[in-house]
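In: fold the following and give me the result.
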Amino acid sequence: MKASQRHAAVAVGFLALSLLSAPLAAQRVQEPPQRGGPPNQNTPYILVAAFHSTDRELGVTAADELRHRLQGEHSAKELYVVPKNSINSTLQASGYPADSALSSADLMELSKQLHGEYVVDGTVTKTGKGDAVRVDAKVLLRTGMNTLAQPLPSADGKDPGDAAKMIERSISDMLKGMPMYSKCIDNLRAAKLDDAITSARAGIAAYPNSVLSRICLLNAYVNQKAAPDTIISVASQILTYDPTSMLALANLADAYSAKGDKDKAIETNLRIYRADPTNAAIAQSIVQQLAQSGAPDKALPIIDSLIKDNPADVGMIRTKWLLQLNAKQFKNAIATGEELVKLDTASANLDYFNRQIGAAQSDSNVAKVQELATKAGQKFPKDVSFPLLLAQSYLKSGQTQQAIDAARRAAAVEPARPAPWLFQLFALNQLGQTDSVLATAQKAIAAGVPKDSLAQSLLTVVGPALKKAQESKARADWESALKASQAVDAIAPSPQTKFYTGVAAFSVAMDALQNVSAASKKTAKDERAKGCEELKVVEDNFATTQMAMPAGGAVDKETAATILNNLNTYSPYIPQFKKALACK
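Out: Numbering: from 1, shown residues only. Just a heads-up that it's a prediction; the model follows:
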């Protein structure tokens, strides 16, 4: 039977038993009465049921010893000990064996029926040889709707009776502070906070180990909105006696947060979770706090424990995904994200794909980037960012044709955007398809792309040709460089294209001029005719240089000046060569 079911059974049994008060009263009469006569109307009752133990009989014996010890040390008018036969009768009527060790919640239900104000919840274990035992006990009492616990010092005795003496002494010490604690609670309820604080301090003076008075003191300070350090001090004191006090832990975490001590707040929140890992509401709250405080890695074990019980909870899985992203656990985040969209296809939105792609990029997982960008592009065909991302990724991985295809898809979405066309130009240039580069540039301009945005990319067509010509000094290479420069200049003119055109044209002209000079010394008719043809090449390229180089001078003034000076030097020789060669 689960704890909740047992709790319900006990409550129902106790309610039914309350209708049989006459037989129960008769059973009480049969037990030896506690000294001092019957209890007064205001006498507190204390209930001691069987202790928890791996040895069931030992748990019963230890509780009996404590009960007898309390009956012997206290009169019925001072502290009334609920008789064993009353406890057993109530348990049996509820369907429990008389030697049952109950949970704290069930003990409180039992005490409610038997008018117990105090309840002893104990655990006994054997230690060493013989009958030596250790008893760990706490006194429970109900304040309002809450059950509070006063832990007692552990008792190591040579036998259960010896341990009972120690526990009884601790209970008697505890009772010294109870009147002050009660006054503190009364003052707290009446909103007399200063009086509550005074009563709590008196209770602590009467019983230095008092957790109860410190809890009342803590509540008074919280209601008073005391400084965080004050609350931290009292909460920490409570935790030295009761490390699992949820009230102390919760207020301690809040105080650290108010103080701005994030590390201590996180540490305390984790203690709260460890104290009650089955409380889903607390766990979710802590996860949220840890995530906001910049410690997502510490929240992940908690969310995993929640998902274990709720594997199809979309909200929890999404929270885990976001935590992993924030914790930079990119590989795990990608896997969790994929699990998320399997459970909830609506989660595969733009934000999801952008985060997943970002995680794959951070994880240097090129294949996953391409896979995600492809899926995103299919789902959101009007979003240009995904084909652009694919084009970039394909280029980096050397998949040039795939890059061109992706860039073309991007250009179809936003024709006037430069980026898709620039990717195409770059890829086509890598393939050495110069004609396609120029044709694509013309299409881009026709689609509305500004010429100046293409200029730099188009220069990549000229650069290799110009470099080759400079290295080979061959006229054919200079002519190729000139052709490329003029083609690019016609599409997207710039100082660079002008400069390259001027350099290439002058170089072609100077090579032709050497041929003209050589032909002028020949007598053969065909040789002289070739000289005239070359002279026409000189004239044309000198004219091209004269037109291009002034604008190209912005790129390299010194080179431009040298070429123009040479142009002025050699141009006067053209008429002389025409006359010498008898050119028409």
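
In: what segments of the stretch 51-200 of the chain are helices?
Out: For the stretch 51-200 of the chain, the helices defined by DSSP state H, counting those that start in this stretch cover 56-73, 84-93, 104-113, 160-176, 178-189, 193-206.

In: from residue 405, how far out is residue 493?
Out: Per CB to CB, to the nearest Å, residue 493 is found 30 Å from residue 405. No exception for glycine: its C-beta is placed from N, CA and C like everyone else's.

In: actually residue 194, not the one I wrote
Out: Using CB to CB, we find residue 194 at a distance of 79 Å from residue 405.

In: test my guess that residue 423 contacts residue 403.
Out: Yes: the criterion here is CB atoms under 8 Å, and residue 423 meets it with residue 403 at 6.3 Å.

In: OK, contacts around residue 121?
Out: Contact analysis of residue 121 by CB atoms under 8 Å, 6 or more residues apart in numbering lists 104, 107, 137-140, 149.

In: swap in 7 Å and give it another go.
Out: Listed by CB atoms under 7 Å, 6 or more residues apart in numbering, the contact set of residue 121 reads 104, 107, 137-138, 140.

In: make CSV from those and add pLDDT, distance to residue 489 and neighbour count to it.
Out: Putting the contacts of residue 121 into CSV (pLDDT from 0 to 100; distance: CB to CB, whole Å; neighbours: other CB atoms under 10 Å) gives the following:
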residue, pLDDT, distance to residue 489, neighbour count
104, 91, 89, 14
107, 94, 95, 21
137, 97, 96, 26
138, 96, 92, 18
140, 96, 93, 19
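
In: which of those sits closest to residue 357?
Out: residue 104 (51.5 Å; CB to CB).

In: these two touch, right, the closest one and residue 140?
Out: Yes: assessed by CB atoms under 7 Å, residue 104 is found in contact with residue 140 at 6.1 Å.

In: if we can go back for a sec, for residue 290, find the nearest of the helices of the stretch 51-200 of the chain.
Out: Of all the helices of the stretch 51-200 of the chain, helix 104-113 comes closest under CB to CB, at 28.5 Å.

In: list the helices and strands the closest one packs on?
Out: Packing partners of helix 104-113 (3 or more CB pairs under 7 Å, 6 or more residues apart in numbering; DSSP states H and E): helix 3-17, strand 118-126, strand 133-143.

In: hang on, the earlier thing: save the helices of the stretch 51-200 of the chain as JSON lines, and put in distance to residue 467 too.
Out: Listed next are the helices of the stretch 51-200 of the chain as JSON lines, based on distance: least, CB to CB, whole Å:
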{"stretch": "helix 56-73", "distance to residue 467": "94"}
{"stretch": "helix 84-93", "distance to residue 467": "99"}
{"stretch": "helix 104-113", "distance to residue 467": "86"}
{"stretch": "helix 160-176", "distance to residue 467": "94"}
{"stretch": "helix 178-189", "distance to residue 467": "88"}
{"stretch": "helix 193-206", "distance to residue 467": "86"}
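
In: just the mean pLDDT for the lengthiest helix in the chain, thanks.
Out: Counting residues, the longest helix found in the chain (DSSP state H) is helix 525-552. Here helix 525-552 scores 92 as its mean pLDDT.

In: gap between it and the chain center?
Out: 70 Å (CA atoms, centre = their mean, to the nearest Å).

In: going along the chain, name the strands of the chain.
Out: Counting by DSSP state E, the segments of the chain that form strands are 45-48, 80-81, 118-126, 133-143, 146-151, 155-157.

In: in the stretch 251-400 of the chain, where is pLDDT below threshold?
Out: Nowhere does the stretch 251-400 of the chain drop to pLDDT under 70.

In: contacts only, for residue 116.
Out: 45-47, 82.

In: switch to 8 Å and redo it
Out: So residue 116 contacts 45-47, 82, 110 (CB under 8 Å, 6+ apart).

In: tell me the contacts of the closest residue to it other than its chain neighbours?
Out: Closest residue in space to residue 116, ignoring its immediate chain neighbours: residue 47 at 3.6 Å, by CB to CB, 6 or more residues apart in numbering. By CB under 8 Å, 6+ apart, the contact list for residue 47 reads 82, 87, 107, 110-111, 114, 116, 118-120.
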